[in-house]
Structure formats: C-alpha cells, structure tokens
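Participant: Fold the stuff below for me.
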Amino acid sequence: MSRAVGSISTVLQTSPEAATSDPCARRCPVHRLTGGYFVPLDPQLFFRALLAAGINGLAGVPCSILNHLTLEAEASSEIDYIPASVEGEAVSAAAGMWLGGGLGAAMMQNSGLGNAVNPLVSLSIPYEIPVLMIVSWRGEPGKKDAVHHFPMGAATPGIFELLGIPVTVLREETDLERAVADAVAYMQKERRPAGLIVPRGLFQKASTASDSSERPPPILGDGARPKSASPLVFGGGALPSRSNVLAAWMERHPEDLAVSTTGFMSREVSSHGLVDRHFPMQGSMGFAAAIGLGLARTVPQHAVHVLDGDGALIMRLGSLATIGAMAPKRFVHLVVDNGTYASTGGQLTVSPHVDFPAAALACGYRAAASCRGGDGLAEALDWAASRAGAGPVLLQVAVNEREAEGLERPVLSPQEIALAFRDGVAGRR
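Facilitator: Residues are numbered from 1 along each chain as shown. Sure, this is the predicted structure:
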C-alpha cells in the first residue's frame, strides 16, 4: 500500500484523488447530491467496514459526530466495546486487545486527541502495537463550529503527521470499505497505528438509543454498581519491600498473565525474563490497568494481573470506574504502594491521602483489601487469589522504599517484548 505526503498530513491513498490533493486544503469537497441536496453517508456502512477488516474491539470516548458508531458498538455482539474514561485509556485498552490476539480501535473526538498522545508515543509506536485511531474533526478550518474547537481543529492533521501516523480524511466520495481495509492492512503489515478522521456531517445523524422520556433513569438501571462489603485489612510487622511482594506473587502465579507499570516495577518484573506471560511497560504511565482490561476482555478464559504503583494509579483513577463497569471476572489489580515516585528520585506521592480499596469498591470492583505489614502478606495474596474469578479484585500492599540493586531496563526491545507476549498468549489458546 502506497502513501502520499500532503503539505500537512500523511495520507493513506484510498482513491486517485487522495494521491493528488491535500485533504486539509479541500475546503469544497465534491458532495453527492440528490435534488440539489447533500446526502450524508450511511453510518452502518462504516461500522460494517470495520468488522469486515477484522476490527473486533473498540474502546472510545463519545462524540456526537461519532454517535452512530458508539450506538452500533454498544448493540453489537460482533465487537467488544469499552466505554473509556479518557482517550489515552481507549488507546491503551485497544493495545491490550492486540496483545491478547485481537485487533482494536480507539474512538474519540479530536478535542481529546491530546490525551491520547502519551500512550501513542510511548506504547503503540515504540512497541509496534497496531491501533486504529477513529477521530472526529471538530473545528475543521473553513467550516462553522464552536470557537473553542478551532485550535485543535487546525492542529489535528498535523498531530498525526508529527507522530508519523498515516491518516485518511473520510469524505463524501470516499470508498469506506477500501479506506478502512487499507488502514488495517497498513497496521498489520507495519505493526503501527493508523488513523481515520471523520468530519462533521459526513454520516447521517444517529437516533438516540431510546426516548429519554420513556426509559428509566440510567443511574438507577441494571448496570448500577453492586453493593460491596468494606475493604479488608491485612497486616502486622514491618513493611515488606517491593521485591518481597513480587517474589511472593510469583510463587503463587508463575504461569498467569501480567501487565506491570513503568519504572522499577517493570524493571524487576522483566529481570525474570518471562516475556511470554509478563508485559513490562516502559512508558504510558498510569495505563497498565487499561492495557490489562483490553487484554482481559480479549482472553477472558485467562487470569490477568495488573502490577501497579500508587503514583501510576493516581494518574488514571478513572480506569477503576471502567474496570468496575466492565467487570472482567479474572482480573487481579495489585497496587504496590511505597508513597513515592521511586524511579524518578523518590518524590512523594499523595497516596497516604487515598483509600485505593474503598475507591475500587465504590467503582464496582467486587472485592478489595489492603495489606499494611509483612506478617499479613501471604494471607493477603492468598485472599486475592481466592477471589479471582468472581470479578475484578484490588489489593493494595504498602511497602518500604528499599529497591533491588542493579535493576536495568529490559534487554529485549519494546517490539520484541510485545511480539513475544502476544505469541505467548496465542500459545495458550
């Protein structure tokens, strides 16, 4: 598949016109007319094109321009939909889908595209994890829109070019099936993300899921969070070290899949060399839980552990709500809490003021506990293992500041780690 570089964006060619014109400069596209009026495209054609191209997972943050896609995904049994709390979570969950053997897309409005940059540049691109970016185009230059959309509207194509992500701007004359197929073919060949930009008005407006005057209040619906008991507390004795916790965890779960947060956690995890089951992150801080969620939804038959840190989880507390709502049954969230950002010099976090287990229960986790002493570590880990299978469980373990000596970044490249992990998951099927 060839690529052409326009003056602003990199464009995946899906038609002869795309090779000779800069989509960002096309202020007057050729509209399909019926009786003198433009007829928007059928949004179901776009959704069906995604399915036909092999997209089997979608994580997204809503946008009115993409409302049809959200409604189709919510109602479909052919695609796994994750309503993300933030755009970066959507990208990370889609990456987790690929690690589990699937192929995911991340949907968002361009107003939040900036929130997706971190996991794109420190996860999807360096690890060569293909993610299809479906981004609406609010504030497109030359079109009427709210004033606050224009800065990002002008910047949107350039952001893709700056990141080296090929992108297609969908227009009225676009062959949707070919545009999607070309983007996915590029992703699979190059193991890189690709983008589709959806301008305002391209698709027919989707009707809402139901008349809000007839349906019961969603906040009181069947999806309301389950009532949970108060968090359990284990403890006694001096605090263990991170190494103590990881050794005890490894002893209990030698074969289980795990995603570890960036920093010293992943350095120590990677020192065991088990990349066929452990995915040590080197960046995208705070998104370990989202990656784990995408993975868990793709391989629900396997237990998935997220080895998180207090500073990382504080960055993305919204993921607790998403995980609680999605309720992956075999999801174990281990939060190793030393109260510091250890790998950047030991600066203090605000974790002493955060009750992680209570927050998890409030967000829909089925069980949560804390361990505040080495004497209770074995019992706490055994408790978490016993609850796995009944829904997401969180265990916070307070640790001291001692770190293992000589911790280095993984020897394997990010690309090698991602492929080894995906192949390891495939070998379990």
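
Participant: Helices of the stretch 251-400 of the chain, residue ranges please.
Facilitator: 264-270, 288-298, 310-315, 318-326, 356-362, 377-387 (DSSP state H, counting those that start in this stretch).

Participant: Measure how far the lengthiest helix in the chain is from the centre of its chain, please.
Facilitator: Scanning the chain for the longest helix, with DSSP state H as the assignment, gives helix 176-190. In terms of CA atoms, centre = their mean, to the nearest Å, the centre of helix 176-190 is set 20 Å apart from its chain centre.

Participant: Begin at 56 from now on, thanks
Facilitator: Taking 56 as the first residue, the last one we looked at is helix 231-245.

Participant: Which other helices and strands does whichever helix or strand comes after that helix contact?
Facilitator: Later in the chain than helix 231-245, the nearest helix or strand by DSSP states H and E is strand 249-254. Other helices and strands packing on strand 249-254, by 3 or more CB pairs under 8 Å, 6 or more residues apart in numbering; DSSP states H and E, are strand 187-192, helix 205-217, strand 222-224, helix 231-245. Quick note: C-beta positions are derived from backbone N, CA and C, even for glycine.

Participant: Quick check: next helix or strand after strand 249-254?
Facilitator: Following strand 249-254 toward the C-terminus (DSSP H and E): strand 287-289.

Participant: What residues of that next one count as buried?
Facilitator: 287, 289 (16 or more other CB atoms under 10 Å).

Participant: Output the longest helix of the chain as PDB - backbone C-alpha positions only.
Facilitator: Taking Å, rounded to 0.1, in the frame of the first residue of the first chain, the C-alpha atoms of helix 231-245 are listed here in PDB:
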ATOM      1  CA  LEU A 231     -15.400   3.500   3.100                       C
ATOM      2  CA  GLU A 232     -14.700  -0.200   2.800                       C
ATOM      3  CA  ARG A 233     -11.500   0.400   1.000                       C
ATOM      4  CA  ALA A 234     -10.400   3.200   3.300                       C
ATOM      5  CA  VAL A 235     -10.800   1.000   6.300                       C
ATOM      6  CA  ALA A 236      -9.300  -2.000   4.700                       C
ATOM      7  CA  ASP A 237      -6.200   0.000   3.600                       C
ATOM      8  CA  ALA A 238      -5.700   1.400   7.100                       C
ATOM      9  CA  VAL A 239      -5.900  -2.100   8.600                       C
ATOM     10  CA  ALA A 240      -3.700  -3.600   6.000                       C
ATOM     11  CA  TYR A 241      -1.000  -1.000   6.800                       C
ATOM     12  CA  MET A 242      -1.400  -1.600  10.500                       C
ATOM     13  CA  GLN A 243      -1.000  -5.300  10.200                       C
ATOM     14  CA  LYS A 244       2.000  -5.100   7.800                       C
ATOM     15  CA  GLU A 245       3.900  -2.300   9.600                       C
END
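
Participant: Buried ones in it, by neighbour count?
Facilitator: Buried, per 16+ other CB under 10 Å, within helix 231-245: 231-239, 241-242.

Participant: What is the nearest of those to Arg322?
Facilitator: Met242 (29.6 Å; CB to CB).

Participant: do you know which of the helices of the stretch 306-455 of the chain lies nearest Asp331?
Facilitator: Asp331 lies closest, by CB to CB, to one member of the helices of the stretch 306-455 of the chain: helix 319-325, at 12.3 Å.

Participant: chain center to that closest one, what's the gap?
Facilitator: 21 Å.

Participant: What mean pLDDT does that helix get?
Facilitator: Mean pLDDT, computed over helix 319-325, is 90.

Participant: For that helix, which helices and strands make contact with it?
Facilitator: helix 297-307, strand 312-315, strand 333-335, strand 359-364.

Participant: quick one, the longest helix of the chain and strand 187-192 angle?
Facilitator: For helix 231-245 against strand 187-192, the angle by axes from the mean of the first three to the mean of the last three CA atoms, to 10 degrees is 130 degrees.

Participant: mean confidence score for helix 231-245?
Facilitator: 97.

Participant: With stretch 147-157 instead?
Facilitator: 98.

Participant: Can you pull out the residues in contact with it?
Facilitator: The contact list for stretch 147-157 (CB atoms under 8 Å, 6 or more residues apart in numbering) reads 111-114, 135, 137, 139, 158-161, 174, 178-179, 182, 184-187, 314, 334, 339, 342, 345-354, 377, 473, 476-477, 480-481, 484.

Participant: hmm, try it at 7 Å
Facilitator: 111-112, 114, 137, 139, 158-161, 174, 178-179, 184-186, 334, 339, 342, 345-350, 353-354, 473, 476-477, 480-481 (CB atoms under 7 Å, 6 or more residues apart in numbering).

Participant: same check, this time on stretch 463-476
Facilitator: With CB under 7 Å, 6+ apart, stretch 463-476 has contacts from 154, 181-184, 322, 325, 330-331, 334-335, 337.

Participant: Try it again at 10 Å.
Facilitator: 150, 153-155, 177-184, 246, 312-314, 321-322, 324-326, 328-338, 350 (CB atoms under 10 Å, 6 or more residues apart in numbering).

Participant: and the end-to-end length of stretch 459-469?
Facilitator: 22 Å (CA to CA, to the nearest Å).

Participant: And for stretch 403-410?
Facilitator: End-to-end span of stretch 403-410 (CA to CA): 16 Å.

Participant: now do stretch 302-318
Facilitator: Note: stretch 302-318 ends 17 Å apart using CA to CA.

Participant: For that stretch, buried residues please.
Facilitator: Applying 16+ other CB under 10 Å to stretch 302-318 flags 303-304, 308, 311-318 as buried.

Participant: Would you state the helices of the stretch 56-205 of the chain in chain order?
Facilitator: Using DSSP H, counting those that start in this stretch, helices in the stretch 56-205 of the chain cover 71-75, 98-107, 122-130, 142-154, 168-174, 205-217.
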